[in-house]
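Asker: Quick one: sequence plus predicted model below, questions after.
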Amino acid sequence: MSRLIHNSKFFVSRLSNIAASRNGRFLSTESDKTTDGKDSNKVEEPFKVEEAETVDVPPPPTEKLLVLGGNGFVGSHVCKEALDRGLAVASLSRSGRSSIQEPWANRMTWHQGNLLSTDSWKDALKGVTSVISCVGGFGSNSYMYKINGTANIDAIRAASEEGVKRFVYISAADYGVVNYLLRGYYEGKRAAETELLTRYTYGGEVFSYTIPSNLHLANKILLAYLPSLHLK
């Protein structure tokens, strides 16, 4: 913060021939002397003002968002939108940095880690105030449960233990017969939802969608579930 320094000097001009008395004599400041011979109209020293005190104002708190699966289809759009809204954004995924060659990707912090191995990524939670999990996958029922359920459950627990105040989980809406065909997928999602709402009574949010539509979905997630971050 810059200082404001105030130094002012005042100069008094000699006044002469200001007025004439009744007898025609002119009054002059030359004759205004004190008994010790000093000029009573003279200012001995310039008026001074002390330097203004420098006040250190702490910067506003920084909100940091960690996007799990931030280099995926939905996650990459969430990252871009969050950056555009003035947040500090980091991504965590098994592959690390995204292959996307766009300017916004250079403003990201990219972490590599496996949600099923908490020690491999727990440092990524340092200083994080909110998490959005876009992690999901398809395959066998056991695989889908592990990725959609177990991996997210581990992430929710780790974030809660680290003191992260807000966690948003991207889930999936029921879709009739698809629920049965993708049983592991939906059962995993529901298990993660239960864990989230247990760990985060007030700061947990579940966002369920039917068909993701990249940018529109990213906007909807951020606007609906991160009001506490004072988004621009």
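Answerer: Nice, I can see it.

Asker: ok, which stretches of the chain are strands?
Answerer: Per DSSP state E, the chain carries strands over the ranges 64-68, 88-93, 109-112, 130-133, 166-172, 204-209.

Asker: and the second one with strand 64-68, angle?
Answerer: Okay, so that is strand 88-93. Interaxial angle of strand 88-93 relative to strand 64-68 (axes from the mean of the first three to the mean of the last three C-alpha atoms, to 10 degrees): 20 degrees.

Asker: please renumber so the chain begins at 57
Answerer: Happy to do that; since the first residue is 57 now, the last one works out to strand 144-149.

Asker: Any buried residues in strand 144-149, and which?
Answerer: 144, 145, 146, 147, 148, 149 (16 or more other C-beta atoms under 10 Å). Yep, even glycine has a C-beta here, placed from its N, CA and C like the rest.

Asker: residue contacts, the fifth one?
Answerer: With contacts defined as C-beta atoms under 8 Å, 6 or more residues apart in numbering, the neighbours of residue 148 are 122, 123, 124, 125, 126, 167, 168, 169, 171, 177, 180.

Asker: ok, for it, nearest residue in space, not its chain neighbours?
Answerer: In this structure, residue 148 finds its nearest non-sequential neighbour in residue 167, 4.4 Å apart by C-beta to C-beta, 6 or more residues apart in numbering.

Asker: before we move on, what about the last one?
Answerer: Using C-beta to C-beta, 6+ apart and skipping the chain neighbours, the partner closest in space to residue 149 is residue 127 (5.0 Å).

Asker: neighbours around residue 151, how many?
Answerer: When counting by other C-beta atoms under 10 Å, one arrives at 10 neighbours for residue 151.

Asker: so who does it touch?
Answerer: Taking C-beta under 8 Å, 6+ apart, one finds 127, 168 in contact with residue 151.

Asker: One more pass at 10 Å, please.
Answerer: By C-beta atoms under 10 Å, 6 or more residues apart in numbering, residue 151 lies in contact with 127, 128, 166, 168.

Asker: again with residue 153
Answerer: When contacts are taken as C-beta under 10 Å, 6+ apart, residue 153 is in contact with 126, 127, 147, 161, 164, 165, 166, 167, 168.

Asker: ok, 7 Å please
Answerer: Residues in contact with residue 153, defined by C-beta atoms under 7 Å, 6 or more residues apart in numbering, are residue 166.

Asker: Would you mind confirming that residue 194 is in contact with residue 200?
Answerer: Yes. Judged on C-beta atoms under 7 Å, residue 194 makes contact with residue 200 at a distance of 6.1 Å.

Asker: how about stretch 212-223: buried residues?
Answerer: Of the residues in stretch 212-223, 212, 214, 215, 216, 220, 222, 223 count as buried by neighbour count, 16+ other C-beta under 10 Å.

Asker: Brilliant, that's me finished.
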